[in-house]
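> Give me a 3D structure for the following:
(chains A and B)
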Amino acid sequence: MDYNKLAELLFPHITKTPEDYEALYPQRDLPEGAKVTRLGPSPTGFIHLGNLYGAFVDERLAHQSGGKFFLRIEDTDDKRYVEGAVEIIINSLRFFGINFDEGATMTGDIGQYGDYTQSHRGEIYQCFAKKMVADGTAYPCFMTEEEIAQIHEQQEAEKANPGIYGKWAKSRNLTMEEIQAKLAAGTPYVIRLKSDGDMSLPEDQIRRVQVKDAIREILDFPANDQDTVILKATGIPTYHFAHVVDDHLMRTTHVVRGAEWLPSLPIHVELFEKLGWEPPIYCHTAQLMKIDEETGNKRKLSKRHDPELSLDYYRNQGYHPAAVREYLLTILNSNFEEWRMANPDADIDEFEFTTEKMSNSGALFDLNKLNDISKDVLLKISASDLYDFLKGWAEEFKPDLLHIFEDRAYLERILDLGRAEAKPRKDHIYAQQMVENISYFFDDMFRIEDEMPAEAAADVATIIAKYLETYDHSDDQTQWFEKIRQITEELGYAVKPKDFKKNPDQYKGHVGHVSTVVRVALMGRQQSPDVWEIQQILSEDRTRARLAKFL
RNA sequence: GGCUCCAUGGUCAAGCGGUCAAGACACCGCCCUUUCACGGCGGUAACCCGGGUUCGAUUCCCGGUGGAGUCACCA
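Have a look, this model is predicted:
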């Protein structure tokens, strides 16, 4: 068989050579140790937490080493394309602080290693497929879908491994004449890798391949034996081939991808071997998991089944991007939490991220933990920044709430309530929750949500009346509380809660019950931050009005 | 079914042959306290099983078991 002739027959329109592309995309001129990473989403426009998790690794690796991080659109499957997806991807990631140095953008490519959209790179893939055909390491396959389905059935019946390999690869040994005839008849075909692997050999004779993974150390598996499709009938490559060609030509140094790619790693290794290229360093990240409600077991996050893990969900809820980043880093690097405790105020970028410290078992997404982390993160954000963040969130998701932003100073005081103390309050978690938390500060949202405390129920009117009567907005906190005590005593309640607990028969209740009455009248809830501070923010008029209205 | 990955409390996890097996979140209790939150103190709770190797295994090896992933002209 004259493979060169076959290559020309199959790819007469390809005139460039592999050398041309090698020259077009030279080695990158980067400092020693600089890492080049990439994110290769398919343009479905759907991003979930798992994608962010992986993107974060790429971003850290590249930017911590003085390297490059680029975006490549992997749209070799036309069925997946969703309009505007590139924009969504870039914007969603940017929101969480992940920015690309080069690659596809909304307005065109940035960088010297493009085109960064796989569907535009047809000729490049075909050039290398042509080379493989010329080398005798790839061949045209004319099998129809029906034939392949039939083979699958037969394999199932024989309990053989499924797939096109060895004796099942019927187009593998076609003669030139047969191929010419098929071509002349216009029979559609794909290009398959001609694998040297053979899994049917006795176990000790099967060739094994070792790959060092940056997260998982040595990976050891049997060499690939599948004649995997590298070019579809349309001339578009499959993921496997596109990955190998692109990451070589784009001079990617580290390929970060989910562990679901582990099973196809042998294919990629063989492809790199056949093309005579050095493979990149692989970083197979553990999958983010969730508990499946139906089975009660852990399972990989799924785009289809877990819409609540979409990035949009977190934006909707109003989680601050810094909190999400902080959370992701704690599950990404096991020593991050420790580092954070030692450096509570350090910038997150100062943390040295390493693949070695990444876990290789799948972590369950833990909302409790996110919330806890978020409290600490938001505490460090100034009221002014918090205001801007909240407003941005409301503009996008809660336009009917925009009126609360009219008085900036007022909202900032509310957001800062209790945060200046030595032991500051950590009330803020995410926008939606914050808004609910502070709703009583706004008359249109204020309503009585809680009951009056049972101990003081009979005296509610009296307590409020007396309180209003003695109310002086200019009282300091001590003076203010002294008045509460007086009312407490006058009405037969214990000034010290302990007295009441010791002798519950001697009192109607204690000072806590009395102040709770005020709290419910003013805030509509039994629980709130300090009443005096709230009153100061509310203003005298609003305070008096609410008390009066309650009577 | 084949291949692969994974295996320490409810969750995330330190550990890398000798530890009363860290810590964080969650949970419970107590303290602080006019409520809540914050904070402090304390508590419940773990090395999947069986063989080796070794004076000694959570740690190393083998075998099970369990969980996950993957076997497309999808990525």
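
> thought A:A233 was touching A:Y189?
Yes. Counting by C-beta atoms under 8 Å, A:Y189 is a contact partner of A:A233 at 6.4 Å. To be clear about C-beta, it is placed using only N, CA and C from the backbone, and glycine gets the same treatment.

> Just give me the neighbour total for A:A242.
Burial of A:A242, expressed as a neighbour count using other C-beta atoms under 10 Å, amounts to 23.

> Does stretch A:492-508 reach RNA strand B?
Yes. Applying C-beta under 7 Å from any atom of the strand, one finds that stretch A:492-508 is in contact with RNA strand B at A:P497.

> And A:A233 and A:Y189? Which one has more around it.
A count of neighbours by other C-beta under 10 Å puts A:Y189 above the other of A:A233 and A:Y189, at 18 against 13.

> Which pLDDT value does the model give the more buried one?
Confidence at A:Y189, expressed as pLDDT, is 96.

> Same check on A:D306?
As summarised for this prediction, A:D306 has a pLDDT of 68.

> With the one 3 residues further on instead?
A:L309 is assigned a pLDDT of 69 by the prediction.

> ditto for A:E203
We note a pLDDT of 77 for A:E203 in this prediction.

> RNA strand B versus that one, what's the distance?
When C-beta to the nearest atom of the strand, to the nearest Å is the yardstick, A:E203 and RNA strand B sit 7 Å from each other.

> Now for that residue, how many residues are close by?
7.

> now the one 5 residues further on
As a burial measure, A:R208 scores 9 neighbours (other C-beta under 10 Å).

> now swap in the one 10 residues further on and tell me
Taking other C-beta under 10 Å as the neighbour definition, A:I218 ends up with a count of 8.

> I'd say it and A:K212 touch.
Yes. A contact is recorded between A:I218 and A:K212 when judged using C-beta under 8 Å, the distance being 5.7 Å.

> for the stretch 401-550 of chain A, what spans make up the helices?
When assigned using DSSP state H, counting those that start in this stretch, the helices of the stretch 401-550 of chain A occupy the ranges A:408-416, A:431-437, A:460-470, A:477-490, A:497-502, A:511-523, A:531-538, A:540-550.

> Turn these into JSON lines, columns for mean neighbour count.
Output for the helices of the stretch 401-550 of chain A, formatted as JSON lines (neighbours: other C-beta atoms under 10 Å):
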{"stretch": "helix A:408-416", "mean neighbour count": "17"}
{"stretch": "helix A:431-437", "mean neighbour count": "17"}
{"stretch": "helix A:460-470", "mean neighbour count": "17"}
{"stretch": "helix A:477-490", "mean neighbour count": "15"}
{"stretch": "helix A:497-502", "mean neighbour count": "14"}
{"stretch": "helix A:511-523", "mean neighbour count": "22"}
{"stretch": "helix A:531-538", "mean neighbour count": "19"}
{"stretch": "helix A:540-550", "mean neighbour count": "15"}
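
> Could you work out which of those helices reaches nearest to A:D227?
Each of those was checked against A:D227 via C-beta to C-beta, and the shortest separation belongs to helix A:431-437, namely 52.6 Å.

> could you give me the average pLDDT of that closest one?
For helix A:431-437, the per-residue pLDDT values average out at 96.

> In space, what's closest to A:R413 - neighbours in sequence excluded?
A:I537 (4.9 Å; C-beta to C-beta, 6 or more residues apart in numbering).

> Who are the contact partners of that neighbour?
Applying C-beta atoms under 8 Å, 6 or more residues apart in numbering, one finds that A:I537 lies in contact with A:410, A:413-414, A:417, A:441.

> what's in contact with stretch A:360-379?
The contact list for stretch A:360-379, computed with C-beta under 8 Å, 6+ apart, reads A:49, A:215-216, A:259, A:284, A:286-291, A:298, A:300-301, A:309, A:319-320, A:322-324, A:326-327, A:330-331, A:386, A:419, A:424, A:426-430.

> same thing but at 7 Å, please
In this structure, residues lying in contact with stretch A:360-379 by C-beta atoms under 7 Å, 6 or more residues apart in numbering are A:49, A:215-216, A:286-291, A:298, A:309, A:319-320, A:322-323, A:326-327, A:330-331, A:386, A:419, A:424, A:426, A:428-430.

> In helices, which of those residues fall?
Using DSSP state H, the subset of the contacts of stretch A:360-379 located in helices is A:49, A:322-323, A:326-327, A:330-331, A:386.

> Show me which pair in those residues is furthest apart.
A:I331 and A:L386 (25.0 Å).

> rewinding a little: so which of the contacts of A:I537 would count as near RNA strand B as well?
Counting by C-beta under 7 Å from any atom of the strand, no member of the contacts of A:I537 reaches RNA strand B.

> Residues of the stretch 101-250 of chain A that sit close to RNA strand B?
Taking C-beta under 7 Å from any atom of the strand, the part of the stretch 101-250 of chain A that reaches RNA strand B is made up of A:143-145, A:148, A:152, A:159, A:161-164, A:188-190, A:199, A:216, A:219-222, A:226, A:229, A:232-234, A:236, A:238-239.

> one more time with 6 Å, if that's ok
A:159, A:161-163, A:188, A:190, A:216, A:219-222, A:229, A:232-233, A:238-239 (C-beta under 6 Å from any atom of the strand).

> need the contact list for the residue in the stretch 401-550 of chain A that RNA strand B sits nearest to.
Among the residues of the stretch 401-550 of chain A, A:G512 lies closest to RNA strand B, at 2.6 Å counting by C-beta to the nearest atom of the strand. With C-beta under 7 Å, 6+ apart as the criterion, the residues that contact A:G512 are A:P497.

> Return the distance of it relative to A:V495.
Using C-beta to C-beta, to the nearest Å, A:G512 is found at 10 Å from A:V495.

> Pretty sure A:Y165 sits against A:A223.
No. Under the contact definition of C-beta atoms under 7 Å, A:Y165 does not touch A:A223, with a separation of 11.5 Å.

> May I see the helices of the stretch 401-550 of chain A organised as JSON lines, with distance to A:R60 added?
Below are the helices of the stretch 401-550 of chain A laid out as JSON lines (distance: least, C-beta to C-beta, whole Å):
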{"stretch": "helix A:408-416", "distance to A:R60": "31"}
{"stretch": "helix A:431-437", "distance to A:R60": "26"}
{"stretch": "helix A:460-470", "distance to A:R60": "56"}
{"stretch": "helix A:477-490", "distance to A:R60": "47"}
{"stretch": "helix A:497-502", "distance to A:R60": "51"}
{"stretch": "helix A:511-523", "distance to A:R60": "44"}
{"stretch": "helix A:531-538", "distance to A:R60": "41"}
{"stretch": "helix A:540-550", "distance to A:R60": "48"}
